[in-house]
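Novice: fold the following.
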Amino acid sequence: MSAPDRERASSWTLITVSAGLVLPAIGVVAFNLGSLALYSAFLPLLGLGLLLFVDLGEDVFLSLLFLAVANTLLYAVGLFALPMIAASIVLTAPLAKGLQRWGMVTIPETVRRDARPLLRVFDLAAILLVALSARYVIFRSAGGHIPLRMSDVETVSRFLMSEVGGWSIFALGYGAQHRLRYGTQYSASVELAASLPALLATGLFLVTPHVAIMTLGVNAFGISGLYVGLLPVGAAHVLVRTLTTRRRAMERQNVRLQQMNRDLAGNERLAAIGQMSSAISHQILQKVGVLGLQCDLLREVLHEEGVPPDAVVTEAQGQVEQLDSTLNDLNRTLSDLLVFSRDFVLHREPCSLDHLVSEVVEEMRAAATARRVAIAYRYEGPAIPLAVDRIKLKQALLNLLKNAVEASPAMGEVLVTLGASEQQAYVSMRDHGQGIAEADFPRLFSPFFSTKEKGTGLGLTFAQKIVELHQGHIVVSNNPDAGATFRVELPVQGEGDLR
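Specialist: Numbering: from 1, shown residues only. Have a look, this model is predicted:
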């Protein structure tokens, strides 16, 4: 925390401490011995309200009963409500700690996990006392009388006006406290306290109606009416608590499901590594066996007697070239494996698929011409925006087009088509080769599976991984006449022109 922030926090602490001590002291002068029975009726309700809280989020908790009883007490006895509320907090704190030791959760998690829990409680108590004092000042300034008796429209209007003012002060104070203590104003993740209007609406529509009900109960039936009017508040509290408990249970379940998905992905990755290890061992041992054989042949050539030196050199050069070729094959296999095993991070940017596919086609055209295979490119569909990792997606498309060219016979043709709809863009590559055997479809994208004599079996695996990282997929099918079609489908994102 920077020096200015510490100064502001210290100033806020001084204000809250002053308010928390001075306001109850001022309220003591309003003590009325004739209201002793009323005081005795309200005090247990305040203590009960403090113990019955609802944890709403990481830094918000609500005690509906306590807020409703505190407001009702203000309209019943005036400023003496302030010291009574302070006393209820002081008396209830040790009880809450004792119940907590017996396994009962009576202190909100937001308070328990706070670095300075006592200061947090003091802050909230001071904010509440200031809001109640503002409520009292507004009500009395408008001509209202204590105790409040809702006998006419004018009195109800004064009551509503004081409630709006009181909750506005509370919402502003709550936001200021969070801003100074925690660096964030309100709690965006909690609907009831996401902003000043949300917190204001929570007080006016969730607490104020119950204050009116309890006040009417006191007006009509005295203390017994107070407890009868408490029933709707209790019902609302149970409803809010039930909904909040279910929401938090769903959040915990979602966290567990996410962890299970991560564990499952890890297990699948370990299984894939096991399968790959077997394939890697086969590939490397095969290459190493060829290397050993070629070394033996080279040794025999060098130790062969009666052969002219020129012939020995020529034959040795041939063996060295074969060794070099085998080493290159082994290096390519290991390089492809290294690329596949990495955890890719995409660097998305707006991209024209038309230009990207055109580049892929042009880069493969020379290799296709050498094999006497033609490549035709066709663009169809509307222009739509797409954000992709240009380099990685280009390599994936090159792998697919290379496979299509190598699968095509001499004088054959590969048709590359780029299309688009409102939801997705697609690139299809259609060759006229022998197609894919039905038995090979389940293993088509498996690491090291290849039907080519010198294939590493990682090209399609690499392409699929890149496409899936773009939230897309590859659809493979055999053509009705001959050959196969690989279709890359990518979801549309962002805005802009594809071309």
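
Novice: from here on, contacts and neighbour counts on C-alpha atoms
Specialist: OK.

Novice: show me the contacts for R348.
Specialist: Going by Cα atoms under 8 Å, 6 or more residues apart in numbering, R348 touches A387, V388, D389, R390.

Novice: domain parsing for this protein?
Specialist: 3-221, 349-491 (automatic domain parsing).

Novice: now, the contacts of R348 that are in strands?
Specialist: Among the contacts of R348, the members found in strands (DSSP state E) are A387, V388.

Novice: in three-state terms, label the residue lying closest to L230 once chain neighbours are set aside for me.
Specialist: Nearest residue to L230, sequence neighbours excluded (Cα to Cα, 6 or more residues apart in numbering): M214, at 6.2 Å. Here M214 is recorded as helix under DSSP: H, G, I helix; E, B strand; the rest coil.

Novice: dump the residue contacts of M214.
Specialist: M214 touches T72, G225, L226, Y227, V228, G229, L230, counting by Cα under 8 Å, 6+ apart.

Novice: endpoints of stretch 75-82, how far apart?
Specialist: Using Cα to Cα, to the nearest Å, one end of stretch 75-82 lies 11 Å from the other.

Novice: which residues in this structure form strands?
Specialist: Using DSSP E, strands in the chain cover 54-55, 61-62, 349-350, 374-379, 387-388, 413-420, 424-430, 473-478, 484-491.

Novice: that older thread, the residue nearest to L230 and S224: what is the separation?
Specialist: For M214, the distance to S224 - Cα to Cα - is 10 Å.

Novice: ok, T202 next?
Specialist: Distance of T202 to S224, given as Cα to Cα: 28 Å.

Novice: please identify which of those two sits among more neighbours.
Specialist: More crowded of T202 and S224, by other Cα atoms under 10 Å: T202, with 17 against 13.

Novice: look up the closest residue to that one, ignoring the ones flanking it.
Specialist: Nearest to T202 is L192, by Cα to Cα, 6+ apart, at 5.9 Å.

Novice: P108 too?
Specialist: P108 sits nearest to D55 (Cα to Cα, 6+ apart), 6.2 Å away.

Novice: burial of the one you found, as a residue count?
Specialist: The burial count for D55: 20, using other Cα under 10 Å.

Novice: list the contacts of it.
Specialist: F61, L62, P108, E109, T110, T244.

Novice: taking those residues, tell me the two that lie furthest apart.
Specialist: Largest separation among the contacts of D55 by Cα to Cα: T110 and T244, giving 14.5 Å.

Novice: state the mean pLDDT of stretch 16-30.
Specialist: Mean pLDDT, stretch 16-30: 87.

Novice: begin at 277, not 1, for the rest of this chat.
Specialist: All right, first residue 277 from here; so that's stretch 292-306.

Novice: pretty sure A701 is touching I750, no?
Specialist: No: look at A701 against I750 with Cα atoms under 8 Å: they stay out of range, at 12.0 Å.

Novice: going along the chain, name the helices of the stretch 277-426 of the chain.
Specialist: 279-303, 312-327, 340-353, 357-377, 385-388, 393-417 (DSSP state H, counting those that start in this stretch).
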